[in-house]
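J.: need a structure here:
(chains A, B, C and D)
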2 protein chains.
Amino acid sequence: MTDVLVIEDDDRIRLALLLALEDEGYRVRGVATAEEGLLRQRHEPADTVLVDLMLPGLDGFECIRRLRRDDDVPIVVVSARDDTHDIVAALEAGADDYVVKPVAIKELSARLRALRRRARAVPDPVPVLTFGQLEISPDAGEVRRAGRPVQVTRTEFRLLCELAEHAGRVLSRHQLLQRVWGYDTGDERLVDVHVGRLRQKIEDDPGSPRHLVTLRGLGYKLTR
Amino acid sequence: MTDVLVIEDDDRIRLALLLALEDEGYRVRGVATAEEGLLRQRHEPADTVLVDLMLPGLDGFECIRRLRRDDDVPIVVVSARDDTHDIVAALEAGADDYVVKPVAIKELSARLRALRRRARAVPDPVPVLTFGQLEISPDAGEVRRAGRPVQVTRTEFRLLCELAEHAGRVLSRHQLLQRVWGYDTGDERLVDVHVGRLRQKIEDDPGSPRHLVTLRGLGYKLTR
DNA sequence: CGGTTGTATGACAGTTGCGTGACAAAACCC
DNA sequence: GGGTTTTGTCACGCAACTGTCATACAACCG
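T.: The predicted structure is shown next:
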């Protein structure tokens, strides 16, 4: 998921941009002035910034320069002005791209993707979910018990991740069938079988499970 | 000094571009077809490529895809077509920017600078990636096992780099197809074959791989 | 306490996923 | 242009996985 910050003083345009970008699958936030934008970006950094040039108070060029001073976030100018002079000045100030309003949302989205492809920063560490001595790493496709790798099958892994994602909360067999298998209907006993197999692998004593617990009549949950 | 390759079939336009860019301080070279461009770029790589979309023979989109397959060079499309559909398709194919002819040379130059600023930022911190006794240097295009150089093909190398870049994370066959081959759809077994070939070269015992691991049902990953 | 309902588990057969070698097409290199 | 390397397709076989079923066990209820 990509976070986008839109700095644009015209309420109608800003709203339209935000809605369209949200539609394209971005997580969005918008502000009306450069000052707000700088503050917001410092406080809660987005992955990409869209900025208008004609802003009240601090103008777009200065806004770009200050954003650049803080970090390396990709910046796209979205402006009504198509003057070469403006374009050059904005790019020189540190912008990565410049599009002229009105712009097709599909084009804007494609430009954002191209830019992010370029700007990909250092890879962040692989996240790990921990439940006591049980470790689950969805990205690495790995499960460990007391530090030792445990081999689980794809279905077991998905089931475990689903439970881990909602740690501490009961998930009914029906919910699990839907989320792990994509079944809308089917034999709910299937879940039992896989839970059982999973327990053999991740519990010290599969007979009296500590993490993957049964809630009679309700479903299963994963606890710490 | 920046080297720029211009792929443009119209002699007058190509010449005009080359002269203008030279005036801006770039070292330039030009070709009239995609085929020539690919060849030239492979043998004498420029730092940036400008490419037209309407080319005789291999068209611009395919040209972009093939350039991308070889390396990470910044690509700017310079086209007379301003259709959103074309713009999106070109960016999706791997272009970094898209400008519509006629374009002010000052703007083009500013866009090239912005792009190079961005492109230069990435490759610094990755001289050599190490996985146990396996060494990969993406920049030098070299792979070593226990200090000894290993000869891998271009595709194998790209596959290995992609896996190395996301070390420790599972990459699905689909993701690999997209990132290494640029295919949006296709036979995922293709990945298996190349993984197999790669294992023959980089693993001590290809039968039970230590680094290039299969995660059944999920994909492959590279581990230390 | 016996009946009832819900859960655990082992066995099994059908299916899926993966590794591999063979081969043809394409790209490459003098 | 011809020989060589690289790439992509295919088919086969093995191993692992999946879902179903039957049976045994545990919890709940009056």
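
J.: please count neighbours and contacts with C-alpha atoms only from this point.
T.: OK.

J.: please report how far the residue of chain A found nearest DNA strand D lies from residue B:117.
T.: Proximity of chain A to DNA strand D (CA to the nearest atom of the strand) peaks at residue A:155, 3.6 Å away. Using CA to CA, to the nearest Å, residue A:155 is found at 45 Å from residue B:117.

J.: residue ranges of the helices in chain A, please?
T.: A:11-23, A:34-43, A:60-70, A:84-93, A:105-119, A:154-165, A:173-176, A:189-202 (DSSP state H).

J.: burial of residue A:118, as a residue count?
T.: 19 (other CA atoms under 10 Å in any protein chain shown).

J.: thought it was touching residue B:114?
T.: No: with contact defined as CA atoms under 8 Å, residue A:118 does not reach residue B:114; the gap is 11.7 Å.

J.: out of everything not next to it in sequence, what's closest to residue A:141?
T.: The spatial neighbour of residue A:141 that comes closest, neighbours along the chain excluded (CA to CA, 6 or more residues apart in numbering or on different chains), is residue B:170 at 6.2 Å.

J.: surely the one you found touches residue A:137?
T.: No: using CA under 8 Å as the test, residue B:170 is too far from residue A:137 to be in contact (10.3 Å).

J.: give me the residue from chain A nearest chain B.
T.: residue A:140 (4.2 Å; CA to the nearest CA).

J.: which one is that residue nearest to, not counting chain neighbours?
T.: Residue nearest to residue A:140 in three dimensions, not counting chain neighbours: residue B:169, with 4.2 Å by CA to CA, 6+ apart.

J.: show the contacting residues for the one you found.
T.: Under the criterion of CA atoms under 8 Å, 6 or more residues apart in numbering or on different chains, the contact list for residue B:169 reads A:126, A:139-141, B:221-222.

J.: of these, which belong to strands?
T.: Judged by DSSP state E, those include B:221-222 as members of strands.

J.: out of the contacts of residue B:169, which are buried?
T.: A:140-141, B:221-222 (16 or more other CA atoms under 10 Å in any protein chain shown).

J.: export those residues to a markdown table and tack on distance to DNA strand C and pLDDT?
T.: Listed next are the buried ones among the contacts of residue B:169 as a markdown table, based on distance: CA to the nearest atom of the strand, whole Å; pLDDT from 0 to 100:
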| residue | distance to DNA strand C | pLDDT |
| --- | --- | --- |
| A:140 | 14 | 94 |
| A:141 | 12 | 95 |
| B:221 | 11 | 96 |
| B:222 | 12 | 96 |
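
J.: and those residues near DNA strand D, which?
T.: The subset of the buried ones among the contacts of residue B:169 lying close to DNA strand D, counting by CA under 7 Å from any atom of the strand, is empty.

J.: burial count for the nearest residue to residue A:81 once chain neighbours are set aside?
T.: Closest residue in space to residue A:81, ignoring its immediate chain neighbours: residue A:100 at 6.6 Å, by CA to CA, 6+ apart. By the criterion of other CA under 10 Å, residue A:100 has 15 neighbours.

J.: what of residue A:53?
T.: Using other CA under 10 Å: residue A:53 sits among 23 other residues.

J.: biggest separation within the buried ones among the contacts of residue B:169, which pair?
T.: For those, the maximum inter-member distance is 11.7 Å, found between A:141 and B:222 (CA to CA).

J.: show me what contacts the residue lying farthest from the centre of chain A?
T.: Most distant residue from the mean C-alpha position of chain A: residue A:207, 38.0 Å away (CA atoms, centre = their mean). Contact analysis of residue A:207 by CA under 8 Å, 6+ apart lists nothing.

J.: for it, phi and psi?
T.: According to degrees, to the nearest 10, the main-chain angles of residue A:207 amount to phi -70, psi -40.

J.: mind listing the residues bridging to the residue nearest to residue A:81?
T.: Here residue A:100 shows beta-bridge partners residue A:79, assigned using DSSP bridges.

J.: give the contact list for the nearest residue to residue A:84 once chain neighbours are set aside.
T.: Leaving out its chain neighbours, the residue that sits closest to residue A:84 by CA to CA, 6+ apart is residue B:107, at 5.9 Å. Applying CA under 8 Å, 6+ apart, we find residue B:107 in contact with A:84-85, A:87-88.

J.: list only buried entries from those residues.
T.: A:84, A:87-88.

J.: now those residues in TSV, with pLDDT?
T.: Below are the buried ones among the contacts of residue B:107 laid out as TSV (pLDDT from 0 to 100):
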residue	pLDDT
A:84	95
A:87	96
A:88	96
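
J.: quick one: the nearest residue to residue A:191 once chain neighbours are set aside from residue A:213, how far?
T.: Distances taken as CA to CA, 6+ apart put residue A:173 closest to residue A:191, at 6.3 Å, once the chain neighbours are dropped. According to CA to CA, residue A:173 and residue A:213 sit 13 Å apart.

J.: touching both of the two, which residues are there?
T.: residue A:220.
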